[in-house]
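Enquirer: This is a predicted model, with the sequence first.
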Amino acid sequence: TLIIIYLGFLIYSTTNYKNLSSRDFVNEKISDDRKTTEFILNELNYSGIIYSHQAPLIAYYSGLNTTPIWIGSKNVSDGVNILMKEPAIFVGAYYFEKTTPPQRQPTTSWMRNDSRFTHIKDIGSNFIFRYDPKN
């Protein structure tokens, strides 16, 4: 009986070892936030201010001065004027826009209609706009 128990344990531990060594339990996918910041740093060669809906993640990955922007839906233009005084990059996420009303402002549709914003690129669920308060 000890031999049967030992063989059972050996088979069980070998199966678990194969699972661990296959690395299937680790998610090695690069997040949209990381891809977005890599694009900003490497492709745009940008090192200025970032305004963002998901500021902590963008700040973590970029190491740049990142300011959270969550403006109420009624006075978006006033909020932008007050909070966004410097030329910058704006990073947002489409999933914040899918609720009614949208959870976080400004939205892409609002920014596309404002001359201060220029759409640069979408990366996964994120969008990137250039912002110039003088336009």
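Expert: In hand now; what should we look at? Everything numeric in this text was worked out from a predicted model, so none of it was measured. Numbering: from 1, shown residues only.

Enquirer: Beyond the worst-scoring helix or strand of the chain on mean pLDDT, next helix or strand please.
Expert: In the chain, the helix or strand scored least confidently by mean pLDDT, DSSP states H and E is helix 2-21, which has a mean of 68. The first helix or strand that comes after helix 2-21 along the chain, using DSSP states H and E, is helix 32-38.

Enquirer: And the contacts of whichever helix or strand comes after that next one?
Expert: Downstream of helix 32-38, the next assigned helix or strand under DSSP H and E is strand 50-52. Outside strand 50-52, the residues that touch it by Cβ atoms under 8 Å, 6 or more residues apart in numbering are 40, 58-59, 62, 64-69, 83-84, 88-92, 131. C-beta: built from backbone N, CA, C; applies to glycine.

Enquirer: same check, this time on stretch 81-97
Expert: Applying Cβ under 8 Å, 6+ apart, the contact partners of stretch 81-97 are 32, 36, 40, 44, 46, 48-54, 58, 67, 69, 71, 102-104, 106-108, 111, 117, 120, 122, 125-134.

Enquirer: Take that stretch, keep the C-alpha atoms, and write them as CSV.
Expert: Taking Å, rounded to 0.1, in the frame of the first residue of the first chain, the C-alpha atoms of stretch 81-97 are listed here in CSV:
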residue,chain,number,x,y,z
ASN,A,81,-10.0,75.1,-19.3
ILE,A,82,-9.4,74.9,-15.6
LEU,A,83,-7.6,71.6,-15.3
MET,A,84,-5.6,71.4,-18.6
LYS,A,85,-3.5,74.5,-18.8
GLU,A,86,-0.4,73.1,-20.5
PRO,A,87,0.1,71.4,-23.9
ALA,A,88,0.1,67.7,-23.3
ILE,A,89,-0.9,64.2,-24.4
PHE,A,90,-4.3,63.0,-23.3
VAL,A,91,-4.8,59.2,-22.8
GLY,A,92,-8.2,57.7,-22.1
ALA,A,93,-10.0,54.4,-22.3
TYR,A,94,-13.0,53.6,-24.4
TYR,A,95,-14.5,51.4,-21.7
PHE,A,96,-15.2,54.5,-19.6
GLU,A,97,-17.4,55.8,-22.4
